[in-house]
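**Student:** model the structure of this input:
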Amino acid sequence: MAKQLLGKEVTAALNERIKAKVAELEAKGVKPTLGIIRVGENESDISYERGATKRCETLGVACEKILLPADVSQEELLKVIDDVNKNDAIHGVLLFRPLPKHLNQSVIENALDPAKDVDCMTDGSMSGVFTGKAIGYPPCTPQACMEILDHYGIDCTGKKAVVIGRSLVVGKPAAMMLIKKNATVTVCHTKTVDMPSVAKEADIIIVAAGRAGVVGAEYVKPGQVVIDVGINVNAEGKLCGDVDYAAVEPIVEAITPVPGGVGSVTTSVLVSHVVEAAAKKAGI
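**Tutor:** As a prediction, this is how the structure comes out:
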């Protein structure tokens with residue numbers, strides 16, 4: 001039976017660090033604040049907003065919400081972003097995406113100051129992930145994967161790591177972050193030949209394929225660590241990952257469950273980025 005890499009344990013430890021930093025900032029008169037910009041009434045956006053707001057409140061971080069209609073003009077939205085860029089009281093900004101189709105998402109994303117880009121929305125922040133320079137912040141989901149590896153003492157140095165998925169949201173930044181941890185990384189994708197045999201060579205597998213249960217027993221071997229980023233709904237209406245947990249868990253050494261794994265860490269990572277941005281702004 002594999003060790004479960006539970007997100008709640010990682011989150012609890014991360015939250016304690018965040019609270020300590022918030023207390024340090026408040027002692028110096030700084031209140032870390034997240035600005036949330038939501039366009040329209042997308043249910044998934046509202047759900048994430050609710051979770052982020054609750055986590056912020058729990059950890060002593062303020063939230064300032066800017067709610068805009070779905071038909072907001074590009075000029076109006078760019079003006080809002082310019083305002084939050086100039087507002088010293090807002091330290092980090094979360095803009096929900098995708099935006100409505102009448103808006104130029106690339107232009108709008110890159111209007112945000114990378115110093116306030118706490119979920120790697122801008123090209124500047126992404127360049128920081130790939131160059132190792134302190135520009136903006138990495139995407140919260142791959143950062144959550146790294147937090148899990150760190151918390152459970154999984155040393156990546158010299159290990160073979162396979163990332164399944166090559167999106168800019170998870171796959172590519174996760175690969176760069178593993179390289180920073182001195183792993184030797186292979187990225188698999190839909191054109192990879194004989195993906196199971198490639199994955200089987202790994203010590204660590206991060207799965208961000210975007211398809212329920214795509215990674216089965218033929219992908220894994222004993223001794224591996226599997227981090228499942230996927231969030232899907234199966235035929236029974238239950239949440240599941242990109243890994244066939246029932247098939248893979250009896251074989252590998254350690255695995256994240258879905259739900260209860262990476263997703264539960266991601267919101268605290270977002271809040272930690274806001275607090276870090278506040279500390280940088282205050283020179284602390």
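**Student:** could I get the full set of helices for the stretch 101-250 of the chain?
**Tutor:** Chain-ordered helices for the stretch 101-250 of the chain, with DSSP state H, counting those that start in this stretch as the definition, fall at 105-109, 123-131, 140-151, 171-180, 195-200, 245-248.
**Student:** and of the ones you listed, who's closest to Glu49?
**Tutor:** For the helices of the stretch 101-250 of the chain, the distance to Glu49 is smallest for helix 140-151, at 14.2 Å, taking C-beta to C-beta. For the C-beta atoms, the positions are set from N, CA and C on the backbone; glycine is no exception.
**Student:** before we move on, back to that, mean neighbour count, the helices of the stretch 101-250 of the chain: which tops it?
**Tutor:** With neighbours defined as mean count of other C-beta atoms under 10 Å, these peak in mean count at helix 140-151, which reaches a mean of 24.
**Student:** apart from its chain neighbours, what residue comes closest to Ile66?
**Tutor:** Of all residues not flanking Ile66 in the chain, Ile37 sits nearest, at 4.8 Å (C-beta to C-beta, 6 or more residues apart in numbering).
**Student:** name the helix or strand for the one you found, please.
**Tutor:** According to DSSP states H and E, Ile37 maps onto strand 33-39.
**Student:** that strand - what's its average pLDDT?
**Tutor:** Mean pLDDT, strand 33-39: 98.
**Student:** neighbouring strands - and their directions - for that strand?
**Tutor:** In the sheet, strand 33-39 lines up against strand 62-68 (parallel), strand 92-95 (parallel) (DSSP bridges).
**Student:** quick one: contacts for Val229?
**Tutor:** Counting by C-beta atoms under 8 Å, 6 or more residues apart in numbering, Val229 makes contact with 141-142, 145, 165, 170, 174, 206-208, 241-242, 262.
**Student:** how many other residues sit next to His189?
**Tutor:** 13 (other C-beta atoms under 10 Å).
**Student:** so it touches Val163, yeah?
**Tutor:** No - the pair His189 and Val163 does not pass the contact test of C-beta atoms under 8 Å, sitting 9.3 Å apart.
**Student:** next, the contact list for Ala282, please.
**Tutor:** Neighbour list for Ala282: 25, 28, 30 [criterion: C-beta under 8 Å, 6+ apart].
**Student:** now, the residues you listed that are in strands?
**Tutor:** Per DSSP state E, strands hold no members of those.
**Student:** closest to Ala246 out of the residues you listed?
**Tutor:** Using C-beta to C-beta, those come closest to Ala246 at Leu25, 44.8 Å.
**Student:** one step back: drop anything exposed from the contacts of Ala282.
**Tutor:** 25, 30 (16 or more other C-beta atoms under 10 Å).
**Student:** hmm, back to that, touching the strand holding Ile37 from outside, list them.
**Tutor:** In this structure, residues lying in contact with strand 33-39 by C-beta under 8 Å, 6+ apart are 45-46, 49, 52-53, 56, 61-70, 72, 77, 80-81, 84, 87, 89-96, 99-100, 103, 116, 118, 270-271, 274, 278.
**Student:** now Gly263: closest residue in space, sequence neighbours ignored.
**Tutor:** Leaving aside its chain neighbours, Gly263 sits nearest to Ile231 (5.9 Å; criterion: C-beta to C-beta, 6+ apart).
**Student:** err, Thr267, not the other one
**Tutor:** Arg55 (4.6 Å).
**Student:** I'd like to know how many residues surround that neighbour.
**Tutor:** Arg55: 20 surrounding residues under other C-beta under 10 Å.
**Student:** ok, the spatially closest residue to Thr184 that is not a sequence neighbour to Pro32 distance?
**Tutor:** In this structure, Thr184 finds its nearest non-sequential neighbour in Lys160, 5.4 Å apart by C-beta to C-beta, 6+ apart. Using C-beta to C-beta, to the nearest Å, Lys160 is found at 38 Å from Pro32.
**Student:** so for those two, which residue has more residues nearby?
**Tutor:** Using other C-beta under 10 Å as the criterion, Lys160 and Pro32 rank with Pro32 on top: 27 against 16.
**Student:** contacting residues around that one?
**Tutor:** Taking C-beta under 8 Å, 6+ apart as the criterion, Pro32 is in contact with 22, 25, 60-62, 91-92, 274-275, 277-278.
**Student:** confidence score at the closest residue to it other than its chain neighbours?
**Tutor:** In space, and not counting its chain neighbours, Pro32 is closest to Ala278: 3.9 Å by C-beta to C-beta, 6+ apart. For Ala278, the model assigns a pLDDT of 98.
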